[in-house]
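Asks: sharing a model that was predicted from the sequence below.
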Amino acid sequence: MENYIPITFLNDFIFCPRSIYFHGVHGSMSQTQYHGKAQTVGKLAHESIDEGTYSTKKNVLMGTDIFCEKYNLSGKIDVFDIDQKKLTERKYKIQKIYDGYVFQVYAQYFSLIELGYEVEKIIIHDRSANKNYPIALPSEDKEMFTKFEKLIEEINQFDLSDPNFKPNIEKCKKCIYSHLCDFSLV
Ligand code: SF4
């Protein structure tokens with residue numbers, strides 16, 4: 001398999017391109033060693049899916065490994081109801097629908113399409129508020145689709161040693177990798 005982009009990198013790259021390097025380095029560590037609280041709670045929201053305990057309903061894909069050849073992406077389907085043609089991504093708590101959230105469901109969407117599934121609805125679900133946020137399909141939202149493709153291109157072209165990289169102090173303050181990063185401003 002060629003190098004692929006983990007779907008989880010899409011959101012991280014938007015936060016800070018350098019963070020995907022540290023995300024990758026820590027991929028081999030126990031996640032409890034480096035996950036911040038918010039990320040750990042979010043991860044727990046996914047565990048019932050990863051362990052296949054969310055639903056016993058037939059024709060539902062949960063935590064299924066997927067790969068998108070067109071964009072060279074790899075990850076997992078959160079919940080896909082084959083009969084309803086509905087893709088759902090669950091989050092523990094949603095303050096706003098960040099672009100990165102949308103791009104992550106786009107990545108799942110394109111992977112499913114390549115596998116021959118029909119996807120007619122995309123939902124991002126806030127578990128804490130029990131609220132659904134409908135997301136337009138890529139074909140219905142040209143602006144977001146263009147941004148998605150641009151992001152993939154930027155990730156493919158990113159150079160970790162780029163001396164012109166400019167960190168953002170507000171992001172560094174919130175970054176869980178600041179103690180490891182040479183460019184950290186905190
Ligand atoms: S410390 Fe700052 S520059 Fe380094 S990865 Fe985090 S946000 Fe990016």
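Replies: That came in fine, so what should we check first?
Asks: OK, contacts around Lys173?
Replies: For Lys173, the contact set (CB atoms under 8 Å, 6 or more residues apart in numbering) comprises Val186. C-beta here means a position set from N, CA and C on the backbone, and glycine is covered the same way.
Asks: could you do Thr8 as well?
Replies: Thr8 neighbours (CB under 8 Å, 6+ apart): 23, 75, 104.
Asks: and what of Thr64?
Replies: 76-77, 80.
Asks: partners of the residue nearest to Val79 when sequence neighbours are not counted in the sheet?
Replies: Closest residue to Val79 apart from its sequence neighbours, by CB to CB, 6 or more residues apart in numbering: Thr88 at 4.3 Å. When assigned by DSSP bridges, Thr88 has beta-bridge partners Val79, Ile123.
Asks: so which of the contacts of Thr64 is the most crowded?
Replies: Among the contacts of Thr64, Phe80 has the most neighbours (other CB atoms under 10 Å), with 25 neighbours.
Asks: was I right about it contacting Thr88?
Replies: Yes - using CB atoms under 8 Å, Phe80 and Thr88 qualify as a contacting pair, with a distance of 7.5 Å.
Asks: could you point out the helix or strand that follows the helix or strand of the chain with the lowest mean pLDDT?
Replies: The weakest-scoring helix or strand in the chain, judged by mean pLDDT, DSSP states H and E, is helix 37-50 (a mean of 47). Helices and strands here follow DSSP states H and E; after helix 37-50, the next one along the chain is strand 60-62.
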